[in-house]
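Undergrad: Make a model of this:
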Amino acid sequence: MWKKRVADGLSLARCFLALSLVWLGFSQGAAGLSLAVAVLLAAWITDVLDGPLARSSGVKTQTWIGSHDLHIDVAMSTAALIYLNRAGFVDGRLVVAYLFIWAIIFWRLSNLPKSFGALFQAPIYAWFIWTSLQQAPEAGRWLVLYVVVYVASGWKPLIHRLIPEFFRGVQEGLTRVLPGAEGRGRRGSRRGTDTLPGRGMESPVDGQQPGDTMRIPR
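TA: Model prediction:
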């Protein structure tokens, strides 16, 4: 049980890291970029550690914090975007437009699929890395190193499981976001069952039905 508590503690720590990133944007701006990189790097490390800890605990029931892990990740990336704006690296009108568009997408999805959470975070973190490499190269290289190590150490599940799940999640989510996409998706599902007998209407994601929203494990 202690592993589960530590995992929840790491997830909760990201909430405070997100708040500190926003505070850095308002208090130090561009001058605090190196420290902001350190905060973001700490958040990424806690995100990598909490999942394996929770799974290795053997506790089957999911805590409230664990069930909102992805929401915490989205909040962390939003904090990074706010920092970039307050530091003068992103125009405020672009930030408002980006958050407004994604608010509509999340509203239409009802729940937050993991794949769409990743789509929301990716451009923010990519711009954060690019900005840090331009403005604080020594700090920015640590973010690049983290990404390289993360991909190199987990390339097998990334290629064989995570990337396919990502694209399936995007395809299923689009049927909820785009009008008319659901009908096309169903026709595609029927064609798929013709070529893959025995699968029936089972979704490739966690055995859910094709219309279900993907639940987010730790």
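Undergrad: ok, and the closest non-adjacent residue to V170?
TA: Of all residues not flanking V170 in the chain, S115 sits nearest, at 4.8 Å (Cβ to Cβ, 6 or more residues apart in numbering). Any C-beta I mention is one placed from the backbone N, CA and C, and that applies to glycine too.
Undergrad: From L10, how far off is the residue sitting nearest the centre point of the chain?
TA: Centroid check for the chain by Cα atoms, centre = their mean gives A118 as the closest residue, at 3.6 Å. A118 sits 19 Å away from L10, going by Cβ to Cβ, to the nearest Å.
Undergrad: go on, K114?
TA: For K114, the distance to L10 - Cβ to Cβ - is 18 Å.
Undergrad: again with A126
TA: 24 Å.
Undergrad: And those two? Which one has more around it.
TA: Set A126 next to L10 and count neighbours by other Cβ atoms under 10 Å: L10 wins out with 21 against 11.
Undergrad: From the chain's centroid, how far away is the longest helix along the chain?
TA: Longest helix in the chain, counting residues (DSSP state H): helix 2-27. Distance, stretch centre to chain centre, for helix 2-27: 15 Å (Cα atoms, centre = their mean, to the nearest Å).
Undergrad: what's the answer for stretch 74-93, then?
TA: Centre to centre, stretch against its chain (Cα atoms, centre = their mean), the figure for stretch 74-93 is 16 Å.
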